[in-house]
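Enquirer: Can you look at this prediction? I've put the sequence above it.
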Amino acid sequence: MAPRHGRSRNPIRSNSNKAQTRRKKKRRKARKRAKKTYGDLRWGVSMTMVGDEEIMENLEILAEEAPEMLAAALWIEANEIINEAIMEVPVDTGVLRASANVGEPVINGQGISLALGFGGAASAYAQVQHDNLSYRHTVGNALYLSGPFDRHMAGPFTSHLSATIVGWLEDE
C-alpha cells in the first residue's frame, strides 16, 4: 500500500459541509428578500438561565415572540413555493404569471394563516388554467400551484421552518 501524503478528505463530511453552507446562504438570501417586503425579521431572544424565575421569564419572552417568528418563516416558505409555481404557470400573454402573490401572514388565536396564489381580477381564468388537465400548454402546465405546494408539504417543509427560526436565534 502506497503511503498517503497529506490528510485524506472524508467525502461525506465534505458534502455535508457544502450542503450546510448552501443552506446558510439560501436562508440569508431569503431573509434579505423577506426583509425588503416584510420588514426586519430579527428578534433578539437571548437567554441566561440562573434560577427558576429567570427561566420562566425567558420562556415567556420566547413564547411571545414565537408566533411572529413562525409567521415570518411561513412567509419565506410561501415565497419559495410561489417562485416555483411561477416557473410552472402557463404563459400566453404573461398576465397570469404576473398575478402571482403572497399575502401577509395573519396571526390569530387559532393559528397563523397566509394566502398565496394567482389571478387577482383574473382568478376565474387562473382557476380554469390550473384545474383543467385536458389543456395542452406550450409553456407551463396545469396544477401549477398545487404541484409546488404538494412537493413542499411532502418534503422538508417543517425542517425548513425550524431551520430558518433556529438560524435567526443563532444569529443573535
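Expert: Structure received.

Enquirer: how near is Glu104 to Arg151?
Expert: 24 Å (CB to CB, to the nearest Å). C-beta: built from backbone N, CA, C; applies to glycine.

Enquirer: er, Arg97 I mean
Expert: 19 Å.

Enquirer: Ile107: which element?
Expert: Element membership of Ile107, judged by DSSP states H and E, is strand 106-108.

Enquirer: Tell me where this structure has helices.
Expert: Under the criterion DSSP state H, helices of the chain are mapped to 11-38, 52-88, 95-98, 123-131, 146-154, 157-171.

Enquirer: Distance to Gly140, mean pLDDT and mean neighbour count added to those, as JSON lines?
Expert: Converted to JSON lines, the helices of the chain look like this (distance: least, CB to CB, whole Å; pLDDT from 0 to 100; neighbours: other CB atoms under 10 Å):
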{"stretch": "helix 11-38", "distance to Gly140": "23", "mean pLDDT": "59", "mean neighbour count": "12"}
{"stretch": "helix 52-88", "distance to Gly140": "6", "mean pLDDT": "85", "mean neighbour count": "16"}
{"stretch": "helix 95-98", "distance to Gly140": "8", "mean pLDDT": "90", "mean neighbour count": "18"}
{"stretch": "helix 123-131", "distance to Gly140": "8", "mean pLDDT": "89", "mean neighbour count": "16"}
{"stretch": "helix 146-154", "distance to Gly140": "11", "mean pLDDT": "90", "mean neighbour count": "14"}
{"stretch": "helix 157-171", "distance to Gly140": "24", "mean pLDDT": "79", "mean neighbour count": "15"}
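
Enquirer: Is it possible to get a markdown table of the ones you listed that adds distance to Gln110?
Expert: As requested, these are exported to a markdown table (distance: least, CB to CB, whole Å):
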| stretch | distance to Gln110 |
| --- | --- |
| helix 11-38 | 21 |
| helix 52-88 | 11 |
| helix 95-98 | 32 |
| helix 123-131 | 25 |
| helix 146-154 | 20 |
| helix 157-171 | 18 |
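
Enquirer: strands paired with the strand holding Ile107, and their directions?
Expert: strand 111-113 (antiparallel) (DSSP bridges).

Enquirer: I'd like to check what contacts the strand it pairs with. Which residues are they?
Expert: Pro67, Leu70, Ala71, Leu74, Pro105, Val106 (CB atoms under 8 Å, 6 or more residues apart in numbering).

Enquirer: Pick the one among these closest to Met87.
Expert: Leu74 (21.0 Å; CB to CB).

Enquirer: could you measure the nearest residue to Pro67 once chain neighbours are set aside against Ala71, distance?
Expert: In space, and not counting its chain neighbours, Pro67 is closest to Ile107: 5.0 Å by CB to CB, 6 or more residues apart in numbering. Going from Ile107 to Ala71 by CB to CB gives 6 Å.
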